[in-house]
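sequence isn't available, so here's the structure alone:
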C-alpha cells in the first residue's frame, strides 16, 4: 500500500516486488505470485481503489498498478485528546514485545498524516505485554492470515521431561493471553476438534502450509473461556515446590518469586519456588542460566536441560 501511494506513475509487478521487503523474501516466483495476488485481492476487499494500466502510449504488454488517489482520498484525519492518549498507550504496551515493529510503524504513519501523537499525558502508566515465546509471532501471523500450521507440542504432565511430544496440525483461530501466559486456540485437524495450546510448550519451528484464507473462524468462539475451561482441568494445575540454586547478585526474578530477603541479595542461596507449570518455570530458570540451577524436582531439571541443549544446538558456531 505504501509503495503504491508513494508514486504517481504506474508501478510494474517487478518494481513492486523489489520495493516491498516481504516480497523479496519469497524463495520462488510462484511464491511471490501467490502472495501478490492475495494482497491485491485483500486491498480491493478493503475498498482500496487499485487500478491497472500502462505508462506507455505504444506498448501495453507490461501492466502497471497504482492507487486512484482521487477515489482513495480521505477527509483530514483528526483525533480527540483521549483517543490520542489511547493510541500512544497501545503502542507502549507492545514496546518490548513481538509486535513492537508494527506498533511503532502505526505511530509513524499517524505522524506522516500530520497527527501529533500524545506521548506525555499518561506518564507513569507503563504497561507491558511479554511475548518471549518464539512461537508467538508465527502463530499470530498464521491466525491473522487464516493459514494452517504444523508444530511439535509437548503436553502437560509430570515425568518424562514434562509430557508426551507429538506433531500437531492446526487451523489457528486466536492467539490470546490468559493469566500471564499465551495460548493458541484453533481447530486441531488431526483430532477434528477445537483445541487449546500453550505457546510455552511449542517446540521447534512453526511451519505454515496451504493457502492463506483457507478457512473461516467461527463467530461464536470465546478463546478465553476455552482456555479457562482447559486450565481448570489441567493435570499440572496443582501447586508444587521446586528447589533452585541462585548466584549472588543475579536471578532477581526468581529471588523475588522465592521470597529471598533483600539482605541476602549478594549471597548464593538455595531457594524454594512454588509453581504450577513446569514448562513456564523451566523457561525462567533457563533464561537466568548460569546464575540459576534447578535442583528438584526431576521433571523441572529435565525441562531446563532440554532448553539449554536447544540453545547449544541452535548456535553451533558459537559452541565451536
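Everything's here; your move. All figures in this text were calculated on a predicted structure; none of them were measured in a lab.

got any ranges where the protein has weak pLDDT?
Filtered on pLDDT under 70, the chain yields the residue ranges 55-62, 74-75, 89, 91-132, 156-163, 231-238, 317-320.

return the distance of residue 173 relative to residue 200.
Counting by C-beta to C-beta, to the nearest Å, the separation of residue 173 from residue 200 is 19 Å. The way it works is simple: take the backbone N, C-alpha and C, and place the C-beta from them, glycine included.

can you pull the phi/psi pair for residue 274?
In terms of degrees, to the nearest 10, the main-chain angles of residue 274 are phi -80, psi 130.

what of residue 177?
When read as degrees, to the nearest 10, the backbone of residue 177 gives phi -90, psi 140.

quick check: bridge partners of it?
Note on residue 177: beta-bridge partners residue 182, judged by DSSP bridges.

that one: neighbour count?
By the measure other C-beta atoms under 10 Å, the count of residues near residue 177 is 16.

and what of residue 51?
12.

repeat that for residue 226.
19.

report the secondary structure state of it.
helix (DSSP: H, G, I helix; E, B strand; the rest coil).

how close does residue 305 get to residue 205?
Residue 305 sits 21 Å away from residue 205, going by C-beta to C-beta.

between the two, who's got more neighbours?
Counted by other C-beta under 10 Å, residue 305 and residue 205 do not tie: residue 305 has more neighbours, with 14 against 11.

how close does that one get to residue 293?
Going from residue 305 to residue 293 by C-beta to C-beta gives 11 Å.

ok, residue 207 touching residue 148?
No. With contact defined as C-beta atoms under 8 Å, residue 207 does not count as touching residue 148 (9.4 Å).

just want to know which of the two has more residues nearby.
More neighbours surround residue 148 than the other of residue 207 and residue 148, with 20 against 13 (other C-beta under 10 Å).

for the more buried one, what are phi and psi?
Per degrees, to the nearest 10, the backbone of residue 148 is at phi -60, psi 150.

in contact with it, which residues are there?
Residues near residue 148 by C-beta atoms under 8 Å, 6 or more residues apart in numbering: 142, 169, 170, 171, 189, 208, 209, 210, 214, 215.

isn't the fifth one up against residue 171?
Yes. Residue 189 is within contact range of residue 171, at 6.5 Å (criterion: C-beta under 8 Å).

now do the SS call for residue 244.
Recorded secondary structure, residue 244: strand (three-state DSSP).

what about it, how many residues nearby?
By the measure other C-beta under 10 Å, the count of residues near residue 244 is 26.

please name the bridge partners of it.
residue 271, residue 294.

residue 53: neighbour count?
When neighbours are counted by other C-beta under 10 Å, residue 53 registers 11.

which parts of stretch 65-75 are buried?
Neighbour-count burial for stretch 65-75, counted by 16 or more other C-beta atoms under 10 Å, picks out 65, 66, 67.

follow-up on the earlier one: so which of the contacts of residue 148 belong to helices?
Taking DSSP state H as the definition of helices, the contacts of residue 148 contribute residue 142.

closest to residue 297 out of the contacts of residue 148?
Each of these was checked against residue 297 using C-beta to C-beta; the closest is residue 170, at 30.4 Å.

any idea which helix or strand carries the nearest residue to the closest one once chain neighbours are set aside?
Of all residues not flanking residue 170 in the chain, residue 186 sits nearest, at 4.4 Å (C-beta to C-beta, 6 or more residues apart in numbering). Assigned by DSSP states H and E, residue 186 belongs to strand 181-188.

next helix or strand past that strand?
Where DSSP H and E defines the elements, the next helix or strand beyond strand 181-188 is strand 193-198.

show me what counts as buried in that next one.
194, 195, 196, 197, 198.

on contacts alone, who are the packing partners of the helix or strand harbouring residue 310?
Following DSSP H and E, one finds residue 310 within helix 298-314. Helix 298-314 sits against helix 278-287, strand 292-296, with contacts defined as 3 or more C-beta pairs under 8 Å, 6 or more residues apart in numbering; DSSP states H and E.
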